[in-house]
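In: With the sequence up front, the predicted model follows.
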Amino acid sequence: MPPKASSGSSTSFGPLTKSIRRLYRLIGFSKTYNLWLWLVLGGGLFTFSAARLPNVHFGNLCGSVREGGVDGVAPGECFYYLQPGRYQIGIVLHLACILPAGLLACLQFVPGLRRRAPRFHRISGYAIAVLSTLGSAGSAMIVRRSMGGTLDTQALLGVLTTAFLVSLYFGYVTGMRMQIDEHRTWMLRAWVYSGSILTLRIVLVFAVISISLTGGYYSALPCGKINFIKKSENATLASYPECAAFFSGEKPELHAVVEATVFNRDAVQMAAAINQSFGMSGWVALALHVVCLEFYLRYTSDEGERLRKMYYPRRVALGLEKPLKASTSDGLVNEKAIANGDSTKKLE
């Protein structure tokens, strides 16, 4: 008789299966793909926000001002952020508000936390709405100079900010009206749209490398910004002699044409490559997020229907919706169907 197959493989997966089930129960997800989506997308947003949080302090954001320090932003961006006024206030307001909002938003999508601590979910939601609005205002203050301030970048940030705030507004309104199915849809839209800034950075890497390999791409940078990166008038004039009129004071806003490449290990050329690619990368990332989200919402439409039915009796009890009469062909009302939020079910 042949020996029996060893059961060691199934036994070895026992503790792993139990651990996964405990994680399911703790977090509250009922479907595997939702858990993994939250871990990947929510975890990515949480990690990004937490990693960037130290940049709220100017010593970390613009560390190059001290000996041996490194900036926490793209080369040359601190040329504007270190100038007292609109851009300095804008970047601090943006980071100090939107990063905590991103951290809290990740917790909002944990089903177990929503069920066990509904009050925390509501209070956190109000805080996120306020922080997001202030953070978006800060973004609007710096958009003219951010990542080169090109028209495609300004348009991108304008559309992204508008879509984000509009989605948050409808999410807030539908939440107050107990339309939880719509609340879920709009809040997903808000944070999936904003999450495109992570995908933007991935696309940006490929875009910068691509234009560097192709060659022939150039960007106009202010001589003041070039000098800030070079940290020396002589070094600036050696590479860009056309900036002489800037240093003489004849043309304070003079720009110089810079080759966009990352292969020469020149910070000015790296800044030009990033500025040249940023807007395009953002549009690609936003389009990917919009399309994928709408597919996901259609794929999980049954979840929206479940929420609508679940909260229908509560909406009726609070006077937010008039009771619907579920009538049969005989004119009889199916009260059980109404209680379940289904006004189309016939009485059997």
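Out: Okay, I see it.

In: Show me the domain layout of this protein.
Out: Taking automatic domain parsing as the criterion, the chain consists of the domains 218-247, 324-348.

In: Confidence-wise, which of those is weakest overall?
Out: Lowest mean pLDDT within these: domain 324-348, a mean of 46.

In: for the chain, longest helix please?
Out: helix 267-299 (DSSP state H).

In: Next secondary structure after it?
Out: Next helix or strand after helix 267-299 toward the C-terminus (DSSP states H and E): helix 301-317.

In: Residue 172 against residue 129, yeah?
Out: Yes. Using CB atoms under 8 Å, residue 172 is in contact with residue 129, at 5.7 Å. To be clear about C-beta, it is placed using only N, CA and C from the backbone, and glycine gets the same treatment.

In: tell me the SS of residue 258?
Out: strand (DSSP: H, G, I helix; E, B strand; the rest coil).

In: What is the neighbour count of it?
Out: 24 (other CB atoms under 10 Å).

In: I'd like to know how far it sits from residue 200.
Out: Residue 258 sits 22 Å away from residue 200, going by CB to CB, to the nearest Å.

In: Secondary structure element holding the closest residue in space to residue 29 that isn't next to it in sequence?
Out: Distances taken as CB to CB, 6 or more residues apart in numbering place residue 35 nearest to residue 29, at 4.2 Å, with adjacent residues excluded. Secondary structure from DSSP H and E places residue 35 in helix 32-37.

In: Tell me which other helices or strands that helix touches.
Out: Packing partners of helix 32-37 (3 or more CB pairs under 8 Å, 6 or more residues apart in numbering; DSSP states H and E): helix 14-27.

In: run the last query once more with 7 Å
Out: Taking 3 or more CB pairs under 7 Å, 6 or more residues apart in numbering; DSSP states H and E as contact, there are no helices or strands that helix 32-37 lies on.

In: for the helix or strand just after it, the distance to its chain's centre please.
Out: Counting by DSSP H and E, the next helix or strand C-terminal to helix 32-37 is helix 43-52. Offset of helix 43-52 from its chain centre (CA atoms, centre = their mean, to the nearest Å): 10 Å.

In: cool, stretch 38-47 as well?
Out: Computed by CA atoms, centre = their mean, the chain-centroid distance of stretch 38-47 equals 10 Å.

In: end-to-end on it?
Out: 12 Å (CA to CA, to the nearest Å).

In: Tell me the buried residues in it?
Out: Residues of stretch 38-47 classed as buried under the neighbour-count rule (16 or more other CB atoms under 10 Å) are 38, 41, 42, 45, 46.

In: of all those, which comes closest to residue 165?
Out: Taking CB to CB as the measure, residue 165 lies nearest residue 45 of the buried residues of stretch 38-47, at 17.4 Å.

In: ok, that closest one to residue 121 distance?
Out: Using CB to CB, we find residue 45 at a distance of 17 Å from residue 121.

In: contacts for the strand or helix carrying residue 190?
Out: With secondary structure defined by DSSP H and E, residue 190 is part of helix 180-194. Helix 180-194 is contacted by residues 105, 160, 163-164, 167-168, 170-171, 174-175, 286, 289, 293, 297, 304, 307-308, 311 when judged by CB atoms under 7 Å, 6 or more residues apart in numbering.

In: Repeat that for stretch 103-113.
Out: With contact meaning CB under 7 Å, 6+ apart, stretch 103-113 is reached by 26-29, 38, 42, 45-46, 49-50, 121, 124-125, 127-128, 191.

In: Stretch 43-63 now?
Out: Contacts for stretch 43-63 (CB under 7 Å, 6+ apart): 69-73, 78, 81-82, 92, 95-96, 99, 102-103, 105-106, 195, 198.

In: Over to stretch 251-263?
Out: The contact list for stretch 251-263, computed with CB under 7 Å, 6+ apart, reads 208-209, 211-212, 217-223, 226, 240, 242-243, 245-246, 268-270, 272-273, 276.

In: and the longest helix of the chain, what other elements does it pack with?
Out: On a contact count with 3+ CB pairs under 7 Å, 6+ apart, helix 267-299 meets helix 151-176, helix 180-194, helix 196-214, strand 218-222, helix 223-230, strand 255-259.

In: Among those, which comes closest to residue 137?
Out: Among the helices and strands packed on helix 267-299, the nearest to residue 137 by CB to CB is helix 151-176 (9.2 Å).
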